[in-house]
Structures are given as C-alpha cells and as structure tokens.
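Q: take a look and give me a structure for this.
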Amino acid sequence: MLQALKHRGPDSTGFALYGLPEPNEYVLRFKVAEQEDLASGFKIHDEIKQRRAEVDERIVSMGAKIVEQDDATPYAYRYEIAFDGDLKKLADYIEDVEGAEILSIGNALELIKDLGDASTVSGDYELGDMKGTHGIGHTRMATESDVDIRSAHPYWAYPYNDIAVVHNGQITNYWLMRREMERLGHRFMSNCDSELLAVYTANNLEKGVSLEDSLRNSVEEIDGVFTYLVATKDALGMAKDTMAAKPMVLYESDDLVALASEEVSIRAVVPHEIDTWDPYDEEVRVWRT
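A: So this is what the prediction gives:
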C-alpha cells in the first residue's frame, strides 16, 4: 500500500506494526545514529559501537533483561526485553546516551522508520516476515522539517508503549496545545505537528477517556485541516476535521479494513471489484482487533 503512494512522499517511510502482546515483555526499537552519519568514516562506526554498548549496560542496570537482539541496520536495533519497571525512567536513561533515540518501546507495537521508499525500508528491516494484527504507515515529503528519522511518521507517544499516529494536514494551534501537553509533563521528540496527535491521544487514554471519545474531542479541540489514524494494541481509529479537506479512502469487509489517502493504495492489496468510500466531515470511526 505504501509503495503505491510513493509519489506522495519519497523522503522517508514508516511503519507501526502490532503483534500479540505478552505481559512485561517489550520490543525496543532504537537507533544510535542517522543513515547519513555512516558516510563520515571509521570514527563514527567506533562511536556507534560505543553508544550501543552503553545502551546495553543501561538497560541491564535498570533491571531489564535483554532476551534477544537484532541488528536491523548498522545504526538501528531491535531488542526484545523483559521488564516490569517504569518505562519512562528506562527510556530517559537510554536516551541520555549521546546519539541514542528510542523509536518505540512496545508491548504490542514495533515502530520502524527510515529514509527511502517503502520497498527500501521494508527490505532493509526485513519486514516481509513479520506477522501481526494491524498496522499503520506513512510516506513523507519533507516540507517544514528535516529529512531524518526523527521527523518521519508514524509518531509514537513517548513513553506510552502502544500508541502510534499518522496524519495528513496542518494543525494551526499546535504550539498552544503542545505547551499545554508539556505543562502536563509530556515530552515531545520533534517539532512536527503530527506528533501532537499521538501525545494528545496518549494523554486522553491515560486519563481514562475512550479512544472514540478522544477522536471526537480532537475534532472540537484541535484547529486546522487534518485527517489522521490512531493505532493502539487492540484498536484502529480515524478522525476528520470539520472541513474534511484532507482525503481518506476506506474499504471495509468482514475480515479486512483498509484506509489510505488514495484508492490506488487499497487497490494494491484488494485488486478485485470493490466499493470504497470517503468518510464525511467530522467523521470518527473505531475498529477493534
């Protein structure tokens, strides 16, 4: 589906994929450098090894057990860890290592994103063998922020382990709402307005608001033009703003829900004769896995 939308954004691609969660078991996705850093010679490779070793030490010192570790790329890694402590303290301690950035700590979620189109990123991270229940993805053209992994979608709501968002649009009260979220103790990893939707959702769910009510509230409380998808460990939701200026095409059957910015993406996985439709303004929908 994402490769069919390559023309919408060739700069980076991201996937938020959901598997079956186990209590106190997490998949940690993190990086210690950017793709472009590798061109700077042997010194950066030594620094990468040092940074990774320090991350390993900090994980163990926080009482977590590294069950399995894989090198996704020379600078990005996938760890399976067992941990029953404070995720925020663990995440903060890891990211205190120079150059280290956590992409996700998921009980069900794995967040993978990098520079390149969908085929390139999927191939580099060997995503073709992954199995799960649902996922969301994004292809990006950089307009107001850098071309790097940090600015790529989907966005994870740090450190809430199973919430991810993709978004098409522009939030005009971003800075006002961001400051409000920061006053409540939330942390932002980028200056992209899409990240606000992940943090906003995490804040609501943490307070006991249902996903559906959070989506409905966002239509009233967030200004701008937007269509966005939210994924949690057991649900997928969507919302469109009052103007409904940003497209979304939806296909729904008894065993499949597919949503995309263009129908060509859905036709990539459901090529036979089907009926699709475009959700209306202020429409909110939630599907449970």
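
Q: residue 237 and residue 209, how far apart?
A: Per Cβ to Cβ, to the nearest Å, residue 237 is found 12 Å from residue 209. Every residue, glycine included, has its C-beta placed from N, CA and C.

Q: ugh, typo on my part, it should be residue 159
A: Residue 159 sits 19 Å away from residue 209, going by Cβ to Cβ.

Q: again, but for residue 38
A: As for residue 38, its distance to residue 209 is 43 Å (criterion: Cβ to Cβ).

Q: and residue 286, by the same measure?
A: Taking Cβ to Cβ, one finds residue 286 at 13 Å from residue 209.

Q: pLDDT below threshold where in the chain?
A: Scanning the chain for pLDDT under 70 picks out 10, 41-42, 141-148, 150-151.

Q: helices of that one, residue ranges please.
A: 42-61, 87-95, 118-124, 174-183, 193-206, 211-221, 263-267 (DSSP state H).

Q: let's have those in TSV, adding mean neighbour count.
A: As requested, these are exported to TSV (neighbours: other Cβ atoms under 10 Å):
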stretch	mean neighbour count
helix 42-61	15
helix 87-95	18
helix 118-124	17
helix 174-183	14
helix 193-206	23
helix 211-221	17
helix 263-267	18
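
Q: outline the domain layout of the chain.
A: Here the domain parsing of the chain from automatic domain parsing is 1-20+114-289, 22-106.

Q: how long is the longest one end to end?
A: Between the opening and closing residues of domain 1-20+114-289 there is a gap of 20 Å (Cα to Cα, to the nearest Å).

Q: return the distance of that domain from the chain's centre.
A: Computed by Cα atoms, centre = their mean, to the nearest Å, the separation of domain 1-20+114-289 from the middle of its chain amounts to 8 Å.

Q: equivalent analysis for the last one, please.
A: The gap between where domain 22-106 is centred and where its chain is centred comes out at 17 Å by Cα atoms, centre = their mean.

Q: gap between the two ends of it?
A: Start-to-end, domain 22-106 (Cα to Cα) is 10 Å.

Q: kindly report the same for stretch 19-38.
A: The first and last residues of stretch 19-38 sit 31 Å apart, counting by Cα to Cα.

Q: same deal with stretch 119-137?
A: Using Cα to Cα, one end of stretch 119-137 lies 12 Å from the other.

Q: now what about it, what contacts it?
A: The contact list for stretch 119-137 (Cβ atoms under 8 Å, 6 or more residues apart in numbering) reads 1-3, 12-20, 72-73, 76, 108, 110, 112-116, 118, 154, 164-166, 229, 231, 234, 236, 289.

Q: OK, contacts around the residue positioned nearest the centre of the chain?
A: Nearest to the mean C-alpha position of the chain, by Cα atoms, centre = their mean, lies residue 154 at 3.1 Å. By Cβ under 8 Å, 6+ apart, the contact set of residue 154 is 14-16, 111, 113, 136-138, 164-166, 198, 231.

Q: in this structure residue 118 contacts residue 138, no?
A: No - Residue 118 is beyond contact range of residue 138, at 9.6 Å (criterion: Cβ atoms under 8 Å).

Q: got any residues that touch both of these two?
A: 2, 13.

Q: what is the neighbour count of the residue nearest to residue 82 when sequence neighbours are not counted?
A: Using Cβ to Cβ, 6 or more residues apart in numbering and skipping residues adjacent in sequence, the residue nearest residue 82 is residue 65, 4.4 Å away. Residue 65: 12 surrounding residues under other Cβ atoms under 10 Å.

Q: test my guess that residue 65 contacts residue 85.
A: No - assessed by Cβ under 8 Å, residue 65 is found out of contact with residue 85, at 11.2 Å.

Q: for the stretch 101-250 of the chain, what spans make up the strands?
A: Listed in chain order, the strands of the stretch 101-250 of the chain (DSSP state E, counting those that start in this stretch) span residues 101-106, 109-115, 134-140, 155-156, 164-171, 224-232, 235-240, 249-252.

Q: how long is stretch 165-182 from one end to the other?
A: 18 Å.

Q: what's in contact with it?
A: For stretch 165-182, the surrounding residues in contact (Cβ under 8 Å, 6+ apart) are 14, 16, 136-138, 153-155, 157, 188, 193-201, 203, 221-231, 241, 245-248, 261.
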